[in-house]
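K.L.:
No letters, just coordinates:
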């Protein structure tokens, strides 16, 4: 049975969000503003969750750290819910959001679920499999209140899948992209998700 209530929490402002050059994808840290956002977020968690789930990416771990410090007895697990890595991190080494813009446009113009930008990139089909795995893990969590700290694209993909299905196709990719770019999650945004909403999924 899934949690009665789950908070999906996007990480605080990262160096990439601030327009700084990035080195790697999983290793991008929070900025000073991102750390302040994470501390403010922890103050909003006014009762102890039953479980904390965190992406393995550094910016998510740093965002979860103040919550874990406030509720040190709460079990914390790392799940494979890192951000969608559709561009090769090696190819993007040292780039900024601005300089990556043509690569991003070309990827979404292609809209091929099986395309991989490089050996260190993820296909969209593999991303959908991770969304499906996340959904299965949540359904089996069986706690009252869970916090999940992760990434905007991942959570937008999950919410889109809950509202439609987990069947990948070029049309699904286009609809997801439209949803994700027109309704981006702000840094440290909280999306409450009820048990009933998860159980209504058509997957």
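P.N.:
Perfect, thanks for sending it. None of these values were measured; they are calculated from a predicted model.
K.L.:
so how far is residue 73 from residue 122?
P.N.:
35 Å (CB to CB, to the nearest Å). (C-beta placed from N, C-alpha, C; glycine too.)
K.L.:
out of those two, which sits in the more crowded spot?
P.N.:
residue 122 (20 against 6; other CB atoms under 10 Å).
K.L.:
quick one, what contacts the more buried one?
P.N.:
When contacts are counted by CB atoms under 8 Å, 6 or more residues apart in numbering, residue 122 touches 84-86, 116.
K.L.:
Looking at those, which one is closest to residue 103?
P.N.:
residue 86 (9.4 Å; CB to CB).
K.L.:
next one: phi and psi at the closest residue to the closest one other than its chain neighbours?
P.N.:
Using CB to CB, 6 or more residues apart in numbering and skipping the chain neighbours, the partner closest in space to residue 86 is residue 107 (5.6 Å). With angles defined as degrees, to the nearest 10, residue 107 sits at phi -60, psi -50.
K.L.:
quick revisit: from the contacts of residue 122, which would you call buried?
P.N.:
Buried members of the contacts of residue 122, scored by 16 or more other CB atoms under 10 Å, are 84-86, 116.
K.L.:
between the residues you listed, which is closest to residue 48?
P.N.:
residue 84 (30.9 Å).
K.L.:
Give me the distance between the closest one and residue 57.
P.N.:
11 Å.
K.L.:
What does the pLDDT read for residue 203?
P.N.:
At residue 203, the model reports a pLDDT of 54.
K.L.:
so what's the residue most central in space within the chain up against?
P.N.:
By CA atoms, centre = their mean, the chain has its centre lying nearest to residue 151, at 2.4 Å. Residue 151 makes contacts with 10-11, 55, 57, 60, 81-84, as judged by CB under 8 Å, 6+ apart.
K.L.:
picking up where we left off before, do I have it right that the residue nearest to residue 86 meets residue 113?
P.N.:
No. Judged on CB atoms under 8 Å, residue 107 makes no contact with residue 113 at a distance of 11.6 Å.
K.L.:
Strands of this protein, residue ranges please.
P.N.:
With DSSP state E as the criterion, the chain has strands at 5-10, 51-54, 76-78, 145-150, 190-194.
K.L.:
okay, these, which one's buried deepest?
P.N.:
For these, average neighbour numbers computed from mean count of other CB atoms under 10 Å are highest in strand 145-150, which has a mean of 25.
K.L.:
who's in contact with that one?
P.N.:
Against strand 145-150 from outside (CB under 8 Å, 6+ apart): 3-11, 45, 47, 49-55, 57, 60, 63-64, 67, 79, 81-83, 138.
K.L.:
7 Å instead, please
P.N.:
Counting by CB atoms under 7 Å, 6 or more residues apart in numbering, strand 145-150 makes contact with 3-9, 11, 45, 49-55, 60, 63-64, 67, 81, all of which sit outside it.
K.L.:
correct me, but residue 26 touches residue 81?
P.N.:
No. Counting by CB atoms under 7 Å, residue 26 does not reach residue 81; the two are 11.9 Å apart.
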